[in-house]
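**Q** return atomic coordinates for the entry below.
(chains A, B, C and D)
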There are 2 protein chains.
Amino acid sequence: MSVTIKDVARKAGVAPSTVSRVIHGNPKISEETQERVRQAMGVLGYHPNAAARSLARGRSYTLGLMIPNSEDDLFVKPFFIMAMRGLSIEAQRRGYNIMFSFSSGEEEEVSLLKRFVRTNVVDGVILMTSRRDDKCMAFLEEKNCPYVVIGRPESRFLHALWVDNDNVRAMYNLVAYFLKAGRRRIAFLGGPADFSVTRDRLRGYRDALKAHGVERDDSLVFLAPGFQERDGYALAGKILSGAMADAIAAADDFLALGMASYMEERGTILPIAGFNNTMKGSVIRPRLTSVDIQPELLGTRAAELLIGHLEGEDSLPPYSIVETILMERESTDPDFLSGNS
Amino acid sequence: MSVTIKDVARKAGVAPSTVSRVIHGNPKISEETQERVRQAMGVLGYHPNAAARSLARGRSYTLGLMIPNSEDDLFVKPFFIMAMRGLSIEAQRRGYNIMFSFSSGEEEEVSLLKRFVRTNVVDGVILMTSRRDDKCMAFLEEKNCPYVVIGRPESRFLHALWVDNDNVRAMYNLVAYFLKAGRRRIAFLGGPADFSVTRDRLRGYRDALKAHGVERDDSLVFLAPGFQERDGYALAGKILSGAMADAIAAADDFLALGMASYMEERGTILPIAGFNNTMKGSVIRPRLTSVDIQPELLGTRAAELLIGHLEGEDSLPPYSIVETILMERESTDPDFLSGNS
DNA sequence: TTGTAAGCGTTATCAC
DNA sequence: GTGATAACGCTTACAA
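**A** Below you'll find the model as predicted:
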């Protein structure tokens, strides 16, 4: 059907192996034959067959991506698609393809992974979330299949590569930012405690207070049952009535937005900031200060790490920390909030 | 390295070809040998190598998915990820994998496609958008590579399979819904005219008026330069001042939401509805009536169509129309709007 | 009903 | 430097 390496060889008057060498830039091929082979490839429009190549090399140059069918509304957040973009672009750059698969729960996720790994369709796997007691990681460890996780894996997964933000530090910085602005009673508004992001960010909050000599007051700490706007809204009353807060550090933009809309209804004005640099936060008034976790860069780094590992670049560390960026906007701008803008 | 068909054959005391036959359910293998082979496969943990299979069969059982790097904010909308979910689940069901690739513009898109197609990594291609004068489709047509498009392709692409909503009809129904509620001066709020969705929905709007004997009045038609909330907001003043509208049919939820927030600021109350059944529309007050275009189902149908075609199910039509669903909510509920709720 | 053997298109190991 | 040639693991006529 399509043109093969033999066709090229014939046309160029060389052996197939020589063509293969030219393709792979083998240095001991004379300039002259190289040129001849290139010509032939060009004329015939040759492109090596991927399946044959995989079979011969024992590598597929393909990565498998599991996309969790999140119970939450994670789908409406652009995190996944952004991370995928980073993954895809980096993979392309390094000559890898990415196969994706949606699961409907951890159970199916593992069985999909099995197909990927056992049939050798993928050289390595990318997991978009790190669960506690993760079955996928357990399987991949057992199979000795290289993988990278977005999020920090449990320490027992010895071969896990991973990328993550430093959530402790990110929240530390946000709180330090408030402290620098003279705030002292900063409320923490987080999601459910069984998410490691929540715990890490709470820790960063406490570390920051401590480091700046502000006494810890747990009546300023609020954990919502979810990450939605309504969750923030629902807690807002409690926060405003009891806590005497003078600033709000939320662990998520939607929590912050829910809180903000409550404050707007009540005419309360407090500096507030969130996480994830969401579109909505950036268009609403006052525009919401937010910590950008750089999802696309997380994807890029994940691909870098996994591919580097597959290519045997051994000196690579097993993880990569992606910096967060504090996007300062009106919601923490004293001038704006006081109407002097 | 891993266990091959030969290992199974040896263990079961048969020829590799027999194992292959068992795998493919060839009917003329005795129950007895079938059982023996199954045993052997189970014990050894055999799983056929995908590359070898592809090579031998001349098919990869893989689909290529191009994700356009949209200039617009299409990324923050869940459309893509939803459609991908439908695609993925249906493909899995039928034994296909999906490879995806992000492009940064049409130029690169074509070159990525070329890699996919020429190296035989994919049996067919899925395009997430239909552009005017689409270079990807032109290439796929030329290469005679099966493909499916989400959105209606230009008629010159003779081999295009496609799935789409009936946008004319969807808007027709929405307008009819307003008419039935006694509205007569219904404003149309659409996006840029060079999008076929805009044109189709405008057509549906006009058809509906005509069919119900309402005279056409183009001073009620407004086209925004984009699909964002601010675009709706920006046009809102004009719509309210000049047009004397008694209802707003918007071609997008975000346009509708922009308009709605303007109305709220002014204390104006008009029934309004949008398209795409966005999360935000469904949580805001009044909750926004919206036409759900069923992105996941669009994906499912696209996969069905393409795979059906690849499998030679010849009686299949070349396209599939996905029904839209009118999600009636408070924003078009007279009782709610008048405060009698 | 089952076995034999020739591909499928590359790569890699020898020779020369 | 380059050419034979044997894998790679599976499928599929063609025999038996």
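
**Q** before we move on, what SS does the closest residue to A:Asp133 other than its chain neighbours have?
**A** Leaving out its chain neighbours, the residue that sits closest to A:Asp133 by C-beta to C-beta, 6 or more residues apart in numbering or on different chains is A:Glu154, at 7.6 Å. C-beta here means a position set from N, CA and C on the backbone, and glycine is covered the same way. On the three-state scheme (DSSP: H, G, I helix; E, B strand; the rest coil), A:Glu154 is labelled coil.

**Q** now the one 4 residues further on
**A** Secondary structure state of A:Leu158, per three-state DSSP, is coil.

**Q** can you name the residue of the stretch 101-250 of chain A nearest chain B?
**A** Taking C-beta to the nearest C-beta, chain B has its nearest neighbour within the stretch 101-250 of chain A at A:Arg118, 3.9 Å off.

**Q** and for that residue, the neighbour number?
**A** Look at A:Arg118: counted by other C-beta atoms under 10 Å in any protein chain shown, it has 18 neighbours.

**Q** from DNA strand D, how far off is the nearest residue to it once chain neighbours are set aside?
**A** Computed as C-beta to C-beta, 6+ apart, the closest residue to A:Arg118 that is not its neighbour in sequence is B:His47, at 3.9 Å. Note on B:His47: its distance to DNA strand D, by C-beta to the nearest atom of the strand, to the nearest Å, is 7 Å.

**Q** and the gap between B:His47 and A:Leu55?
**A** B:His47 is 15 Å from A:Leu55, where distance means C-beta to C-beta, to the nearest Å.

**Q** wouldn't A:Gln39 be in contact with A:Ala12 here?
**A** Yes: at 7.1 Å, A:Gln39 counts as touching A:Ala12 under the criterion of C-beta atoms under 8 Å.

**Q** looking at these two, which one has more neighbours?
**A** Neighbours were counted for A:Gln39 and for A:Ala12 using other C-beta under 10 Å; A:Ala12 has more, 22 against 13.

**Q** quick one: residues contacting that one.
**A** A:Thr18, A:Val19, A:Thr33, A:Arg36, A:Val37, A:Gln39, A:Ala40 (C-beta atoms under 8 Å, 6 or more residues apart in numbering or on different chains).

**Q** how about TSV for those residues, with distance to B:Val110, pLDDT and secondary structure added?
**A** Shown next, in TSV, are the contacts of A:Ala12 (distance: C-beta to C-beta, whole Å; pLDDT from 0 to 100; DSSP: H, G, I helix; E, B strand; the rest coil):
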residue	distance to B:Val110	pLDDT	secondary structure
A:Thr18	31	96	helix
A:Val19	26	96	helix
A:Thr33	31	92	helix
A:Arg36	29	94	helix
A:Val37	26	95	helix
A:Gln39	24	94	helix
A:Ala40	24	95	helix
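
**Q** burial of A:Gly124, as a residue count?
**A** A:Gly124 has 23 nearby residues by other C-beta under 10 Å.

**Q** revised request: answer the last question for A:Ser155.
**A** 7.

**Q** ok, A:Ala138 next?
**A** By other C-beta under 10 Å, neighbour count at A:Ala138 equals 14.

**Q** how about A:Arg132?
**A** A:Arg132: 9 surrounding residues under other C-beta under 10 Å.

**Q** same question, the one 5 residues further on
**A** Residue neighbour count, defined by other C-beta under 10 Å, stands at 23 for A:Met137.

**Q** who's in contact with it?
**A** A:Leu127, A:Ser130, A:Tyr147, A:Val149, A:Pro153, A:Glu154, A:Phe157, A:Ala160.

**Q** which non-adjacent residue is nearest the second one?
**A** When the adjacent residues along the chain are set aside, A:Ser130 lies closest to A:Gly151, with 3.4 Å between them (C-beta to C-beta, 6+ apart).

**Q** contacting residues around the one you found?
**A** A:Thr129, A:Ser130, A:Trp162, A:Asp164, A:Ser196 are the contacts of A:Gly151 under C-beta under 8 Å, 6+ apart.

**Q** what distance do you get for it to A:Ile269?
**A** A:Gly151 is 35 Å from A:Ile269, where distance means C-beta to C-beta.

**Q** what of A:Ala56?
**A** 67 Å.

**Q** now do the helices in the stretch 151-300 of chain A.
**A** For the stretch 151-300 of chain A, applying DSSP state H, counting those that start in this stretch gives helices covering A:167-180, A:196-211, A:229-242, A:253-266, A:279-283, A:295-310.

**Q** so where's the stretch 201-341 of chain A shaky on pLDDT?
**A** Filtered on pLDDT under 70, the stretch 201-341 of chain A yields the residue ranges A:340-341.

**Q** what residue in it comes nearest to DNA strand D?
**A** Residue nearest to DNA strand D within the stretch 201-341 of chain A (C-beta to the nearest atom of the strand): A:Leu310, separated by 18.0 Å.
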